[in-house]
Every structure is written in structure tokens, then in C-alpha cells.
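Undergrad: sequence? don't have it. structure:
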């Protein structure tokens with residue numbers, strides 16, 4: 001399930017980063033960019049590469065937040081241990097393993 005969720009995050013972010021790259025650099029020349037008033041000392045290809053990864057990280061963060069917010073309460077509160085292996089004092093252990101009085 002974790003691998004599937006990572007792909008829900010990484011693949012759309014990759015596609016959107018590619019589209020953003022094309023849109024931004026259709027209007028901006030990388031040689032005209034400045035950082036704190038100084039020209040950037042990278043080649044055009046270097047600027048394209050760094051900006052693609054920056055776009056990818058930003059859009060992946062957005063997808064990750066969406067995936068996090070889509071987790072159901074059951075998945076979030078689920079205990080991964082079987083009832084008999086849960087630590088002493090665990091409320092779910094007591095509720096599951098105590099004999100029911102009639």
C-alpha cells in the first residue's frame with residue numbers, strides 16, 4: 001500500500017513538473033535570470049534541470065498533503081499488532097481479550 005501511495009504522489013507530480021517547466025520557460029529565458037541581483041552562473045540546461053526538480057518537489061509536496069488528508073480515520077488509528085501481541089494497558093487489547101460476563 002505504501003508503494004502505491006508513493007506512486008500516487010510521485011507520478012502526477014512528475015507530470016505537472018514537466019508541464020510547469022514548459023510553461024515557465026516558454027516565457028522566461030534562463031540566461032536572463034538573476035539571484036539577488038547577480039546573474040546565475042549556470043548553463044541553460046543546468047537552470048532547466050534545477051527548476052524541474054524544484055517544480056517536482058513543490059508539486060510532490062502538494063500531492064503528499066492531499067494523500068495524507070485522504071487517509072480514513074480507520075487507517076490512521078489502526079493498530080498494526082495482533083491483539084495478543086499488543087502491550088499491556090492497550091485499550092484495544094483489553095476490549096478484545098477480556099472474557100465477556102453474562
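TA: Okay, I see it. These numbers were taken from a predicted model, which means no experiment stands behind them.

Undergrad: tell me which residues touch the residue nearest to the spatial centre of the chain, please.
TA: Geometric centre of the chain, nearest residue: residue 64, 2.8 Å, by C-alpha atoms, centre = their mean. Going by C-beta atoms under 8 Å, 6 or more residues apart in numbering, residue 64 touches residue 9. For the C-beta atoms, the positions are set from N, CA and C on the backbone; glycine is no exception.

Undergrad: so which bits of the helix or strand hosting it are buried?
TA: Using DSSP states H and E, the element containing residue 64 is helix 44-69. Buried residues in helix 44-69, defined by neighbour count with 16 or more other C-beta atoms under 10 Å: 47, 51, 52, 55, 56, 59, 60, 63, 64.

Undergrad: from residue 13, how far off is residue 5?
TA: Distance, residue 5 to residue 13, using C-beta to C-beta, to the nearest Å: 13 Å.

Undergrad: okay, those two: which has more neighbours?
TA: Higher neighbour count among residue 5 and residue 13: residue 13, with 20 against 15, using other C-beta atoms under 10 Å.

Undergrad: and the angle from whatever helix or strand the more buried one lives in to helix 44-69?
TA: Here residue 13 sits within helix 2-27, counting by DSSP H and E. Per axes from the mean of the first three to the mean of the last three C-alpha atoms, to 10 degrees, the angle that helix 2-27 makes with helix 44-69 is 140 degrees.

Undergrad: just how off-centre is helix 2-27 within its chain?
TA: Centre-to-centre, helix 2-27 and its host chain are 12 Å apart (C-alpha atoms, centre = their mean, to the nearest Å).

Undergrad: average pLDDT for it?
TA: What helix 2-27 shows for mean pLDDT is 92.

Undergrad: buried sites along that helix?
TA: For helix 2-27, by 16+ other C-beta under 10 Å, it's 9, 13, 16, 17, 20, 21.
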